[in-house]
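Peer 1: no FASTA, just this:
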């Protein structure tokens, strides 16, 4: 040991002590930063209150919210209703459809950090799968509508892999341009291939079975309530599956790729494989939403899948909060609801959402409900439990035992002595 430098502290001890000093400075009695001020934006206090609830209380609250969501088209609240301009039940279905699309795109953009500007292509493939397998205008094999849903998911997942394998070695703007071109390719193919009927399209697309007492179909084009309930049920199932996937090894790999792909690859994460998985899973959810859309509308042609629609899908994810599945649902519902609620300004919706996105980027760049990473919080909680079992005092849970002396201003003199 040098007689002039003094004892060298361990890196873990120095970093732990520095973190403890910063925390004490930020939350100490003389600090001007209170817990209320440390809330993140207007949703900060809500988020902290939510995290303070027990798991049972959170599930009880979610059950109430889900029940109210199912009753929404029946209640038809006068404040948020879209009538008389638009049928509120059909508006609820359209909001649910956009929310489901946003959840699927959030897997690609929010979790894996892959900028996809052509997501409407997967939505179009799912719609055409349902139309070409159920419409009487189609010369292909006709099957029941509910069977087309898994087929549409499988076909769009295949297209997601086909697109992802040659292109996912690109990054950033290059990947965005390629996906944008893929979306246009699908629309052009729907125009020039005779079997896809271009602008004429497919009419009388199938729907789920069931009839009313008078013989009219339950899932008719004018009855939005059953379509909304079906889509909402699918959203709940997909959200639970995506949430579990987010907390798995695959989800952690996506987050690592999103934060720094080079660092993730150096640490041994097979980045290309997980990016292809993100594209495939996101495409499957997009195909599912497209099949639901085709069944409810009952008509599919090449005019419904343009670039502006794809930009609206991306705006929903960015507006709600990329990386947060609840934020994606909120953003998708808002993107659909605002033009339906304010029909007088519906033709200016792209201008409105453009201004809204600019303001979001300035004042709340992570969206209305930003993703919050709790990996460090979970790690500190686990360390606290281990430290308590090992006999460490509760006053300094972050400092490891036998960390070595902390250097002070007189450490050099002590070392020389």
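Peer 2: Looks like it arrived, so ask away. Quick caveat, the model's predicted, so the values are computed rather than measured.
Peer 1: when you work out contacts or count neighbours from here on, use the C-alpha atoms and nothing else.
Peer 2: Fine.
Peer 1: output the below-cut-off pLDDT ranges for the stretch 301-417 of the chain.
Peer 2: 372-387, 389-417 (pLDDT under 70).
Peer 1: also the chain?
Peer 2: Short version for the chain, where the test is pLDDT under 70: 1-47, 50, 372-387, 389-417.
Peer 1: in a strand, residue 136, correct?
Peer 2: No - using DSSP: H, G, I helix; E, B strand; the rest coil, the assignment for residue 136 is coil, not a strand.
Peer 1: shouldn't it be in contact with residue 203?
Peer 2: Yes - between residue 136 and residue 203 there is a contact at 7.5 Å, judged by C-alpha atoms under 8 Å.
Peer 1: out of the two, which sits in the more crowded spot?
Peer 2: residue 203 (19 against 16; other C-alpha atoms under 10 Å).
Peer 1: does that one touch residue 300 like I think?
Peer 2: Yes - if you go by C-alpha under 8 Å, residue 203 and residue 300 touch, sitting 6.9 Å apart.
Peer 1: for the longest helix anywhere in the chain, which positions count as buried?
Peer 2: Secondary structure of the chain per DSSP state H: the longest helix is helix 271-297. Neighbour-count burial for helix 271-297 flags 271-272, 274-297 (criterion: 16 or more other C-alpha atoms under 10 Å).
Peer 1: show me what it is packed against.
Peer 2: Secondary-structure packing of helix 271-297 (3 or more C-alpha pairs under 8 Å, 6 or more residues apart in numbering; DSSP states H and E): helix 88-106, helix 120-134, helix 145-167, helix 249-259, helix 261-266.
Peer 1: if you set the cut-off to 10 Å instead, what comes out?
Peer 2: helix 88-106, helix 120-134, helix 145-167, strand 202-203, helix 224-246, helix 249-259, helix 261-266, strand 299-300 (3 or more C-alpha pairs under 10 Å, 6 or more residues apart in numbering; DSSP states H and E).
Peer 1: can you give me the buried ones in the fifth one?
Peer 2: What it means is helix 224-246. 224-232, 234-235, 238-239, 242, 246.
Peer 1: roughly how far apart are the residue most central in space within the chain and residue 85?
Peer 2: Geometric centre of the chain, nearest residue: residue 106, 3.1 Å, by C-alpha atoms, centre = their mean. Taking C-alpha to C-alpha, to the nearest Å as the measure, residue 106 and residue 85 are separated by 31 Å.
Peer 1: show me what contacts the residue nearest to the centre of the chain?
Peer 2: 100, 112-114, 242, 278, 282, 313-314, 316-318, 320-325, 327-329 (C-alpha atoms under 10 Å, 6 or more residues apart in numbering).
Peer 1: go again using 8 Å as the cut-off
Peer 2: By C-alpha atoms under 8 Å, 6 or more residues apart in numbering, the contact set of residue 106 is 282, 317, 322, 323, 324, 325, 328.
Peer 1: what number of residues lie near the residue nearest to the fifth one when sequence neighbours are not counted?
Peer 2: Across the structure, with C-alpha to C-alpha, 6 or more residues apart in numbering as the measure, the residue nearest residue 324 apart from its sequence neighbours is residue 371 (4.7 Å). The local packing of residue 371 (other C-alpha under 10 Å) involves 18 other residues.
Peer 1: before we move on, what SS does the residue lying closest to residue 133 once chain neighbours are set aside have?
Peer 2: Closest residue to residue 133 apart from its sequence neighbours, by C-alpha to C-alpha, 6+ apart: residue 142 at 4.9 Å. When classified by three-state DSSP, residue 142 comes out as coil.
Peer 1: got a list of what residue 142 touches?
Peer 2: Going by C-alpha under 8 Å, 6+ apart, the list of residues near residue 142 reads 132, 133, 134, 135.
Peer 1: can you redo those residues as CSV with neighbour count and distance to residue 214?
Peer 2: Formatted as CSV, the contacts of residue 142 follow (neighbours: other C-alpha atoms under 10 Å; distance: C-alpha to C-alpha, whole Å):
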residue, neighbour count, distance to residue 214
132, 25, 29
133, 23, 27
134, 27, 24
135, 26, 24
